Each structure stands twice: as C-alpha cells, then as structure tokens.
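Undergrad: Need coordinates for the following:
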Amino acid sequence: MEINSNPKKEGDLYKKGQALIEAAYEYWQEFQKTNESSAVVWLKDSGGHMVLFTRGEYSRIIMSNVDSISGEPLVKPFED
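TA: Okay, the predicted model is just below:
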C-alpha cells in the first residue's frame, strides 16, 4: 500500500487505510453487479468528501493529475 505520508505499517493509520481499500473493493464489486461495468467508481458525499476506486492501469494518469495540484509527487511507501 502507498500513501501520501509515512505511517508505520503496524500503526492505526495503516490499519484504517487497509480497511478503506477493502471496503472500496467490496463496493466496487457490488457496483459491477448492479450497474454497468466501470473501471472507475467514486463516491462523493454532500460535504464534498470523495473516495475514488479504480484498477491499477488507471492509477498513473489519475495520480499525475493529483500530483499537479501540489507540484510534487504525493506517493510514498509505508515504512516497514
């Protein structure tokens, strides 16, 4: 797993991140069953918070657009 900070793998943030990925994947799987197949699925709440889930082949172009917001690469590996 990668993130835009450096939490420890055994830490709470890592566990919550892993749970988020697993929940997003379960949502994506259910979405595929009940809607047209889609490689990119997102949820956005009324407060503007957003979660986007996609297959790996789309991550490069999505992350390059995210990186352009801050002007520097955002992806860092979790520390061992």
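
Undergrad: Show me which residues of the longest helix seen in the chain are buried.
TA: Of all the segments of type helix in the chain, defined by DSSP state H, the longest one is helix 12-34. Neighbour-count burial for helix 12-34, counted by 16 or more other Cβ atoms under 10 Å, picks out 14, 17, 24, 28. In short, each C-beta sits where N, CA and C put it, glycine included.

Undergrad: One more: stretch 33-51?
TA: residue 41.

Undergrad: Straight-line length of it, end to end?
TA: 19 Å (Cα to Cα, to the nearest Å).

Undergrad: Give me the contact list for that stretch.
TA: 20, 24, 27-28, 31-32, 52-55, 57-58, 62 (Cβ atoms under 8 Å, 6 or more residues apart in numbering).

Undergrad: What is the distance between that stretch and the centre of its chain?
TA: Using Cα atoms, centre = their mean, to the nearest Å, the mean C-alpha position of stretch 33-51 is found 12 Å from that of the whole chain.

Undergrad: Let me know the average pLDDT across it.
TA: For stretch 33-51, the mean per-residue pLDDT is 87.

Undergrad: re the thing from before, which is the next helix or strand following the longest helix of the chain?
TA: Using DSSP states H and E, the helix or strand that follows helix 12-34 towards the C-terminus is strand 40-44.

Undergrad: Sheet-wise, list the partners of that next one with their directions.
TA: If you go by DSSP bridges, strand 40-44 pairs up with strand 50-54 (antiparallel).

Undergrad: before we move on, the earlier item: now tabulate the buried residues of helix 12-34 in a markdown table and tack on distance to residue 38 and pLDDT.
TA: Listed next are those as a markdown table, based on distance: Cβ to Cβ, whole Å; pLDDT from 0 to 100:
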| residue | distance to residue 38 | pLDDT |
| --- | --- | --- |
| 14 | 28 | 82 |
| 17 | 23 | 85 |
| 24 | 13 | 90 |
| 28 | 9 | 88 |
